[in-house]
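Asker: Whatever this is, show me its structure:
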Amino acid sequence: MRQMKQFVILLSAVFTFSSCVHKAQKEQQEKSIVHTNPLPVQFGDPYVLLASDGIYYMYGTGGGAVDGFSVYSSPDMVNWKAEGQVFRGNVPGSWGVANFWAPEVYERNGKFYMLYSADWKENPTNELENFRIGVAVADKPTGPFKELSDKPLFDPGYPVIDGNLIDDEDGRTYMYFSRCCYKHPVESEIAEQAKKNGKFDEIEESWIYGIEVKPDLTEVIGEPVLLLRPPVKLDDTQSEWESRSVTSGEINRRWTEGPYTMKKGDTYYMMYSANYYKGKNYAVGYATSKSPLGPFVKSNDNPVLQKNVERGGIVTGTGHNSVTWSKDGKQMYCVYHGYTQKTGNERVVFIDKMGIDENGKLYVEGPTAE
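Answerer: Okay, here's the model as predicted:
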């Protein structure tokens, strides 16, 4: 009996030692994972989904996909594996025929739903920009995704892009999107100044709207509500950073696009991008509201993410972000595209830590390139 007791104690010690070794090995392995920006992924408009299988999936514009979208997977947001093309439009029965942009994927009731933008084939007046937003569905995050319908989710009568969803606690679902600048000239003090300085005769703008959608994402409910637009007045605190593409003489457009909306406590946070998406001045700000359909108030801390070359960095054109979380839900991450001196004109993906402090202030610890 005494020998049996000694054996049990010895066995317990072995298990304890083995457990400690395993824990130490795991901690060392986690420490050895090195995250380097930018990632070796050439996506614009990156969107990361942490799926119920514990894997991160990244979707985006471009990345070698033909008339559609590709996906990368990762167990840790550091090591990314190309999974190939997961959706293709411009096939018989498709409503979208070109310019497939800004996919976002949501896991809902055991299915995976993709929101995306594309040029609508119904174009009787031959518009140069005829974008609409559609929905595709798959059984797995790696697809294949198939269109829910042979037409867009809705037609507001003007081109729209960058669909983003949020499910509210009351069971209602809301979509945010950007009306394109195309054929949307807007009068403002910024436009007057540009014309006076001989830069542009008119300034076109994109605005962010919100609208309720059915939970099954088959149709919208009600009419779009205007939520965010570029500043009208020169002395507006947002005017300088949101107008850089115009004031620098780069292009006669001002953007408010790429919405990403989330909720903390009783406050809705909408992150958005401003300036030319292919330019160095692309940057991210945010606005807050107590209601999913506004009114939203822009933060005085904007922009929260912008180029860092003036501070000795190498990153420009930071924008169109999404947000994801660590698997324990404690750490937020901002996922966005940008450019570096090394990558040139190719948009590449960055991931930086972000958060919302005890005063409700949203911040991004970036851009970093290290």
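
Asker: would you list every one of the helices in the stretch 1-150 of the chain?
Answerer: Assigned by DSSP state H, counting those that start in this stretch, the helices in the stretch 1-150 of the chain fall at 2-32.

Asker: which residue ranges form the strands in it?
Answerer: Residue ranges of the strands in the stretch 1-150 of the chain, as given by DSSP state E, counting those that start in this stretch, are 43-50, 56-62, 68-74, 81-88, 96-108, 111-120, 131-138, 146-147.

Asker: will you turn the ones you listed into a markdown table that also has mean pLDDT, distance to Asp266 and mean neighbour count?
Answerer: The way it works is simple: take the backbone N, C-alpha and C, and place the C-beta from them, glycine included. Shown next, in a markdown table, are the strands of the stretch 1-150 of the chain (pLDDT from 0 to 100; distance: least, CB to CB, whole Å; neighbours: other CB atoms under 10 Å):
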| stretch | mean pLDDT | distance to Asp266 | mean neighbour count |
| --- | --- | --- | --- |
| strand 43-50 | 98 | 24 | 24 |
| strand 56-62 | 98 | 29 | 24 |
| strand 68-74 | 98 | 33 | 23 |
| strand 81-88 | 98 | 36 | 17 |
| strand 96-108 | 98 | 23 | 21 |
| strand 111-120 | 98 | 26 | 22 |
| strand 131-138 | 98 | 28 | 23 |
| strand 146-147 | 98 | 37 | 16 |
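
Asker: Tell me which of those approaches Pro303 most closely.
Answerer: strand 43-50 (17.6 Å; CB to CB).

Asker: tilt between that closest one and strand 111-120?
Answerer: 160 degrees (axes from the mean of the first three to the mean of the last three CA atoms, to 10 degrees).

Asker: if we can go back for a sec, select, out of the strands of the stretch 1-150 of the chain, the one closest to Trp325.
Answerer: strand 43-50 (6.4 Å).

Asker: Excluding covalently adjacent residues, which one is nearest to Arg253?
Answerer: Distances taken as CB to CB, 6 or more residues apart in numbering place Cys181 nearest to Arg253, at 4.4 Å, with adjacent residues excluded.

Asker: can you pull the pLDDT of that neighbour?
Answerer: Listed pLDDT for Cys181 reads 98.

Asker: which secondary structure element contains it?
Answerer: Counting by DSSP states H and E, no helix or strand carries Cys181.

Asker: pLDDT below threshold where in this protein?
Answerer: Low-confidence segments of the chain (pLDDT under 70): 1-33.

Asker: Recalculate using a threshold of 90.
Answerer: 1-36, 341-345, 370 (pLDDT under 90).

Asker: Nice, that's everything, thank you.
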